[in-house]
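Student: with the input below, show me the fold.
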Amino acid sequence: MRARGSAAGTIAILTVAALWGGTFTAMKSAFYSADPLPFLLTRFALALLILSLLYFIRGIRPKLSQIGLLAGLMVFLGFAFQMEGLTGISATKSAFITGLNAPLVPLFELILFRRKPKARAVLAIFLGVLGLALLTEVAYGMPLATGDLLTLGCAVAWALQIVVVDRASKVLSPDDVAFNEFLVTLTLALASIPVLGEYSMPLDPVVIAAVLYSGILATVVAFYLQAWAQERISPESAALGLMAEPVFAYAFAWLLLGEFLSPLQLIGALLILMSIPLAS
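Tutor: Okay, here's the model as predicted:
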C-alpha cells in the first residue's frame, strides 16, 4: 500500500514538473509586453479566486498557520526572483538555474535541521555549482548577469520552499498549504508593485493565455499536486521528481521560442541535471 502511495506521489510530482516547465516559455512570451509583478499578482489572484470557490462549494474554511505562511513567503520570493530574472535571460537558462534548488535541499536540511547529508549530496552540490559556472559562462571569464543572480536567488527560495512544505504538509491539508502560499504571494506582489514601479499589464492574447495557463494549471493544479505528493514522498524525492522541470522547459522553449544552448552551456545544463538525482 505504501509503495502504491509512493508511486502515485512520484507521478504527481512529475506532473508538477511538466506544468512548471511550460511556465518559462509562457512567462517569457508575456514579459515582452507585461511587467513581472503585475503578472504575478494577476496569476495568483486568479488562483486564489478558484481555490476560494472550491472551499465555498465544499462549505469549509481554509486554515492558516505560521508554517504555511512561511511557505508562502518562499513562493513569493521564488517567483519574484525568477520573473525579474527572466526578463534578462533566456527561458532555457532560467529553467536550469532554477533546477539548482534540488542539490540545495540537503544543504538547507543540514543548516536548519542538522540533518547530515549523504556523501553523494555533497557531490551533487559540487556538480551543480560547476554546471552553473558553465551555463552562465562564468567558467570562461564572463561575469554573472543580473538575470543569472536573480534566478540563483530563485533557486535558493525554491529549495527552502521544498523544505518548508515538507513540514507544512504534516499539519495542513494540500488545499490549506496552497491557500497559505497563494494568499501570501498575492499580498506581497500587491505591496511590491508600487515599490518597483511595475504597472504594465496589457490584456493581449499572449498575456491572457499565459495568465490562464500559469494561474490555473501551473498554480492551482500544480501546487495542490505538490502538497499532495509530499504527503507521500520525502523532500529529496520531491526534488528528484522536479528535476524534469528544466527538461520540459527546454523542450517548450526550443519548440516555441527557438532557444538553444551552446555546447559548453549544454554540458553545464547536463551537469545540473546530474546533480539533481544525486541530491536525494
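
Student: every contact and neighbour count from this point should use C-alpha atoms.
Tutor: Fine.

Student: by contact count, what packs against the strand or helix carrying Gly128?
Tutor: Assigned by DSSP states H and E, Gly128 belongs to helix 119-135. Under the contact criterion of 3 or more CA pairs under 8 Å, 6 or more residues apart in numbering; DSSP states H and E, helix 119-135 touches helix 101-113, helix 263-278.

Student: format these as CSV; extra columns: distance to Gly78.
Tutor: Formatted as CSV, the helices and strands packed on helix 119-135 follow (distance: least, CA to CA, whole Å):
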stretch, distance to Gly78
helix 101-113, 10
helix 263-278, 18
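
Student: those helices: which one's closest to Ala249?
Tutor: Checking these against Ala249 by CA to CA gives helix 263-278 as the closest, at 12.0 Å.

Student: so which elements touch that closest one?
Tutor: helix 101-113, helix 119-135, helix 235-241.

Student: packing partners of the first one?
Tutor: In this structure, helix 101-113 makes packing contacts with helix 119-135, helix 146-168, helix 235-241, helix 263-278, judged by 3+ CA pairs under 8 Å, 6+ apart.

Student: make CSV out of the helices and strands packed on helix 119-135 and add mean neighbour count and distance to Thr42.
Tutor: Below are those laid out as CSV (neighbours: other CA atoms under 10 Å; distance: least, CA to CA, whole Å):
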stretch, mean neighbour count, distance to Thr42
helix 101-113, 21, 25
helix 263-278, 22, 31
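
Student: which one of these lies nearest to Gln82?
Tutor: helix 101-113 (12.3 Å).

Student: list the contacts of Leu73.
Tutor: By CA atoms under 8 Å, 6 or more residues apart in numbering, Leu73 lies in contact with Glu181, Val184, Thr185.

Student: so Tyr199: helix, strand or coil?
Tutor: Using DSSP: H, G, I helix; E, B strand; the rest coil, the structure places Tyr199 in coil.

Student: angle of the helix holding Gly128 against helix 101-113?
Tutor: On the basis of axes from the mean of the first three to the mean of the last three CA atoms, to 10 degrees, helix 119-135 is oriented at 130 degrees to helix 101-113.

Student: before we move on, the earlier item: Ser6 is nearest to which of the helices and strands packed on helix 101-113?
Tutor: Taking the helices and strands packed on helix 101-113 one by one with CA to CA, helix 235-241 is closest: 9.7 Å.

Student: for the helix or strand just after that closest one, packing partners?
Tutor: Remark: after helix 235-241, the chain's next helix or strand is helix 244-257, criterion DSSP H and E. The helices and strands touching helix 244-257, judged by 3+ CA pairs under 8 Å, 6+ apart, are helix 2-30, helix 91-98.

Student: now helix 244-257: mean pLDDT?
Tutor: Across helix 244-257, the average pLDDT comes to 85.

Student: residues in contact with it?
Tutor: 14, 17-18, 20-25, 91-92, 95-96, 98-99, 259-260.

Student: report the buried residues of that helix.
Tutor: Buried residues in helix 244-257, counting neighbours by 16 or more other CA atoms under 10 Å, are found at Ala244, Glu245, Pro246, Val247, Phe248, Ala249, Tyr250, Ala251, Phe252, Ala253, Trp254, Leu257.

Student: let me have the residues you listed in a markdown table, extended by distance to Ser29.
Tutor: Converted to a markdown table, the buried residues of helix 244-257 look like this (distance: CA to CA, whole Å):
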| residue | distance to Ser29 |
| --- | --- |
| Ala244 | 21 |
| Glu245 | 18 |
| Pro246 | 17 |
| Val247 | 18 |
| Phe248 | 16 |
| Ala249 | 13 |
| Tyr250 | 14 |
| Ala251 | 15 |
| Phe252 | 12 |
| Ala253 | 10 |
| Trp254 | 13 |
| Leu257 | 8 |
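
Student: what's the closest of the residues you listed to Leu264?
Tutor: Using CA to CA, the buried residues of helix 244-257 come closest to Leu264 at Tyr250, 15.6 Å.

Student: and the gap between that closest one and Leu196?
Tutor: 30 Å (CA to CA, to the nearest Å).

Student: ok, back up a step: measure how the helix holding Gly128 sits relative to helix 146-168, angle-wise.
Tutor: Using the same axes, to 10 degrees: helix 119-135 against helix 146-168 is 160 degrees.

Student: just the buried residues of helix 119-135, please?
Tutor: For helix 119-135, a neighbour-count test (16+ other CA under 10 Å) marks 121-122, 124-135 as buried.

Student: how far does it sit from the chain's center?
Tutor: 19 Å (CA atoms, centre = their mean, to the nearest Å).
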